[in-house]
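Asks: Using only what follows, build the 3D model:
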Amino acid sequence: MEYSKLISISGLNGLFELVGSKNDGAIVKSLDDKTTRFVSSRVHNFSHLESIEVYTVRENVNLVEVFQAMGKSKEPLPSEKDAAAVKAYFQKVYPDMDFARVYASDMKKMVKWYGILKANDIEPVLNEQAEEEEEA
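Replies: Numbering: from 1, shown residues only. Predicted coordinates:
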């Protein structure tokens, strides 16, 4: 499974693999319970993980950079239910994050999504990065 095919769907928990698309929605496969279903674009919004950016004190960075920093860190993942622990975790793992503009709920989501990626052995890599590695 490729990182580039992963999406987040508003109103639904977890991450999904985009299996196919239609005019009025998409066919997605849940990474949690492996079920496949149709989700209407009239009711839900879709966000590719590749397109999500995170506010930092400098320029915004792609979510992949945060996931990669989480992977390199020796810090254990906090429970996504404890907002203070999640914020303290990101202050150690990714101190450049703009904590005034990144909500606690977003940080909790990042922890949960990273856990899902690890559970499914998905390497968070952008398409351009993957192509450069294959050429080298």
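Asks: Show me the domain layout of this protein.
Replies: For the chain, automatic domain parsing gives the domain ranges 3-49, 52-129.
Asks: Adding mean pLDDT, write these out as CSV.
Replies: Shown next, in CSV, are the domains of the chain (pLDDT from 0 to 100):
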stretch, mean pLDDT
domain 3-49, 94
domain 52-129, 93
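Asks: Using PDB, write down the CA coordinates of the helix ranked longest in the chain.
Replies: In the chain, assigned by DSSP state H, the helix with the most residues is helix 104-119. Presented in PDB, the C-alpha positions along helix 104-119 are these (Å, rounded to 0.1, in the frame of the first residue of the first chain):
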ATOM      1  CA  ALA A 104      -4.700  19.900  20.200                       C
ATOM      2  CA  SER A 105      -7.200  17.900  18.200                       C
ATOM      3  CA  ASP A 106      -4.900  18.000  15.200                       C
ATOM      4  CA  MET A 107      -2.000  16.800  17.200                       C
ATOM      5  CA  LYS A 108      -4.100  13.900  18.600                       C
ATOM      6  CA  LYS A 109      -5.100  13.000  15.000                       C
ATOM      7  CA  MET A 110      -1.400  13.000  14.000                       C
ATOM      8  CA  VAL A 111      -0.600  10.600  16.800                       C
ATOM      9  CA  LYS A 112      -3.500   8.300  15.900                       C
ATOM     10  CA  TRP A 113      -2.700   8.400  12.200                       C
ATOM     11  CA  TYR A 114       1.000   7.600  12.800                       C
ATOM     12  CA  GLY A 115      -0.100   4.600  14.900                       C
ATOM     13  CA  ILE A 116      -2.300   3.400  12.000                       C
ATOM     14  CA  LEU A 117       0.600   3.800   9.500                       C
ATOM     15  CA  LYS A 118       2.900   1.800  11.700                       C
ATOM     16  CA  ALA A 119       0.300  -0.900  12.300                       C
END
